[in-house]
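1. this is a predicted model, with the sequence first.
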Amino acid sequence: MNDEQLHELLLQGLETERGGMRIYEVAIRCAVNDDLREEFEKYHEQTTHHVELMEGVVRAFGLELEAESPGRSAVRKIGEALVGAMELVLEAGPPEAAQLVAAECVTLGETKDHLNWELIGELLTRVHGEEGKALREAHGEVEEEEDEHLYHSTGWGRELWLESLGVPAVLPPPEERKDVKTEIGAARAKQQRDQMT
């Protein structure tokens, strides 16, 4: 295994979680729908814990928490851009527009976060010792929550867009109503949305 790339993944994972905290802080301010605000608050709390877990993993690998790399810097810039996009619309647009942009920004951030944890999951049988133990423990706590974050946020974005277009929307989205935590579950929930409108 390429240890340098493994360290890069861990540092990007930590930066993604830190950026996710800031994204959720602004997304909460953008939320008009009470159910969405509650969802964002829950995810912010979970993401705060994910930061702590990733810090533990990074330490277990003997890495500096603030170690820089080009990839980590890029992840930070993307997170800052997502926060900036929400703040721009929050200041200039109607509340519903800010809410829609927030749902999209959360989905974009969660896509990277989900990928990080999926990759970490691929390494669980390849990394041993204290490092492997730290990875397995963190992954065991986080993986299902990350699935929920991505699939539910995607559903919120889709349904808020439909609502804004004047098309019947399902709010909260089917993914949340069915509490999906898998890609297959998300696909099934989406297929059933027509029956819910």
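-> Looks like it arrived, so ask away.
2. what's the helix or strand for the residue positioned nearest the centre of the chain?
-> Nearest to the mean C-alpha position of the chain, by Cα atoms, centre = their mean, lies Glu110 at 2.5 Å. Counting by DSSP states H and E, the element that carries Glu110 is helix 95-123.
3. can you give me the buried ones in that helix?
-> Residues of helix 95-123 classed as buried by neighbour count (16 or more other Cβ atoms under 10 Å): 98-110, 112-117, 120-121, 123. No exception for glycine: its C-beta is placed from N, CA and C like everyone else's.
4. average pLDDT across that helix?
-> Per-residue pLDDT over helix 95-123 has a mean of 98.
5. so what does that helix touch, helix or strand wise?
-> Packing partners of helix 95-123 (3 or more Cβ pairs under 8 Å, 6 or more residues apart in numbering; DSSP states H and E): helix 3-30, helix 34-60, helix 70-92, helix 129-164.
6. the shortest one vs helix 3-30, what angle?
-> Regarding helix 70-92 and helix 3-30, their directions subtend 10 degrees when assessed with axes from the mean of the first three to the mean of the last three Cα atoms, to 10 degrees.
7. just the angle for helix 70-92 relative to helix 95-123, thanks.
-> 160 degrees.
8. now swap in the last one and tell me
-> Per the same axes, to 10 degrees, the angle that helix 129-164 makes with helix 95-123 is 150 degrees.
9. report the buried residues of the next helix or strand after helix 129-164.
-> Per DSSP H and E, the first helix or strand lying C-terminal to helix 129-164 is helix 174-177. Buried residues in helix 174-177, counting neighbours by 16+ other Cβ under 10 Å, are found at 174-177.
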